[in-house]
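>>> need a structure here:
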Amino acid sequence: MVLALATALAGGAACGQERVAEVAPVALASAPQLPTSVIAEALAYEHGEGVAKDQLKAALLYCSAARDGDPEAQYSLGWMYANGRGVTRDDTVAASLFALAAAAGHTQAQRALAFVGNERGIVPECMRPPEPVAALAPSAEFPIKLDDPDPFADLPPWKQKIANVVVELAPRYSVDPRLALAVIAVESNFDVNARSEKDARGLMQLIPETATRFNVRDVYNVKDNVRGGLAYLRWLLSYYRGQVQLAAAAYNAGEKSVDKYRGVPPFAETRDYVQRIQRLFRQDLHPYDARIVEPSPIVAAGRPPGS
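This next block holds a predicted model:
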């Protein structure tokens, strides 16, 4: 099956590049990605290009993008399941992923469906949505001060329209709307057209690399920008295992900086940013989906929250 599938797809591939031995090309030419995008990073780990080959990590990265609806990631992850590369071979999962990509118009995925059977409907565990978090309930793990006034309870009408979008979209990313609103308030003060000196744009101040990483097509479109910011927050909360302080610091300074300093970096801007987010959100911990990404080294090493 693999040889026939590779042969069939190779005929429609640009430049005849192979995905390593038995597999066909990944068609990135039709949708260019910056080197920092999830797909480019996954491709690098899949083939060991500039990094140590790690096909399991590649599969997790592809899965993250596939879960957000990227057809190239769905196709590439389908290839890994069709060939048993980094994951256990499963034609049903491969067929399901190819079908998703094909429905979005991915030509190679449409061809691939002929070689993986007709049984579909099963996607990898990492693509199954977690329980939505519309609002956090008080618990021993996530205590909530119920007497705290809601800083977003009495917004002017133009801000309330944006808040309504956040309340609608945030549960789909398992992010508490109040945390997302805190980020918007601190980042842009609800200015749809905001642009910083560092070229961060829109409501949630997405730099071009982050916008590409999370498939944001129009950073000045309210829903597109909010989706990208929510996707990044969801990723950061998973990476730092629900520690809001670290996730907020990374949103401002980047996860590499947080990991380097093993906590909130010693930058006045970042420390002020984290304090402002905490004043608005008022929670130290947030539920997270551990399936999205492996934990940060500083969390995996047992770094206590807030240390």
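>>> Let me see the ranges of the helices in the stretch 201-307 of the chain.
Under the criterion DSSP state H, counting those that start in this stretch, helices of the stretch 201-307 of the chain are mapped to 208-213, 222-239, 244-253, 255-261, 268-281, 297-300.
>>> distance of the residue most central in space within the chain from Arg217?
The residue lying closest to the centre of the chain (Cα atoms, centre = their mean) is Ala231, at 4.7 Å. Distance of Ala231 to Arg217, given as Cβ to Cβ, to the nearest Å: 13 Å. Just so you know, the C-beta spots here come from the backbone N, C-alpha and C atoms, and that holds for glycine as well.
>>> same question, Tyr81
Tyr81 sits at a distance of 28 Å from Arg217 (criterion: Cβ to Cβ).
>>> what's the answer for Ser96, then?
Counting by Cβ to Cβ, the gap from Ser96 to Arg217 is 25 Å.
>>> Tyr81 and Arg217: which is more packed in?
Comparing Tyr81 with Arg217 by neighbour count (other Cβ atoms under 10 Å), the higher total belongs to Tyr81, at 26 against 10.
>>> Let me know whether the more buried one touches Arg89 as I believe.
Yes. Judged on Cβ atoms under 8 Å, Tyr81 makes contact with Arg89 at a distance of 6.5 Å.
>>> Where does pLDDT dip in the protein?
For the chain, applying pLDDT under 70 flags the ranges 1-36, 128-148, 300-307.
>>> what domains does the record give for it?
Here the domain assignment for the chain is 2-127, 157-300, based on automatic domain parsing.
>>> Output those as TSV; include the columns distance to Asp150.
Conversion of the domains of the chain to TSV gives the following (distance: least, Cβ to Cβ, whole Å):
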stretch	distance to Asp150
domain 2-127	29
domain 157-300	7
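>>> What helix or strand is the closest residue to Arg227 other than its chain neighbours located in?
When the adjacent residues along the chain are set aside, Arg227 lies closest to Leu169, with 6.2 Å between them (Cβ to Cβ, 6 or more residues apart in numbering). With elements delineated by DSSP states H and E, Leu169 resides in helix 157-169, which encompasses its position.
>>> Next, the angle helix 222-239 makes with the helix or strand following that helix.
Sequence-wise, the next helix or strand beyond helix 157-169 is helix 177-187, with elements assigned using DSSP H and E. Note on geometry: by axes from the mean of the first three to the mean of the last three Cα atoms, to 10 degrees, helix 177-187 and helix 222-239 are set 110 degrees apart in direction.
>>> State the helix or strand in which Pro151 lies.
Under the assignment given by DSSP H and E, Pro151 is not contained in any helix or strand.
>>> ok, it - how many residues close by?
Applying other Cβ under 10 Å, we find 15 other residues in the vicinity of Pro151.
>>> Contact partners for Tyr220?
The neighbours of Tyr220, taking Cβ atoms under 8 Å, 6 or more residues apart in numbering as the test, are Val192, Asn193, Arg201, Gly202.
>>> should've said Phe190
Residues touching Phe190, when contacts are defined by Cβ under 8 Å, 6+ apart, comprise Trp158, Lys159, Ile162, Ile184, Leu203.
>>> which residues touch Val183?
Neighbouring residues of Val183 by Cβ under 8 Å, 6+ apart: Met204, Gly229, Leu233, Ala248, Tyr251, Ile277.
>>> Relative to Asp68, how far out is the spatially closest residue to Asp70 that is not a sequence neighbour?
The shortest distance from Asp70 to any residue that is not its chain neighbour, by Cβ to Cβ, 6+ apart, is 5.7 Å, and that residue is Asn215. Going from Asn215 to Asp68 by Cβ to Cβ gives 6 Å.
>>> Could you check which of the two is surrounded by more residues?
Ranked by neighbour count (other Cβ under 10 Å), Asn215 and Asp68 place Asn215 first, with 21 against 17.
>>> Make sure the more buried one is actually in contact with Ala65.
Yes. Using Cβ under 8 Å, Asn215 and Ala65 qualify as a contacting pair, with a distance of 7.1 Å.
>>> Contact partners for the closest residue to Leu246 other than its chain neighbours?
Nearest-residue entry for Leu246: Tyr240, 4.0 Å, with adjacent residues in sequence omitted and distances by Cβ to Cβ, 6+ apart. When contacts are counted by Cβ under 8 Å, 6+ apart, Tyr240 is found next to Leu246, Ala247, Ala250, Val258, Pro295, Ser296, Val299.
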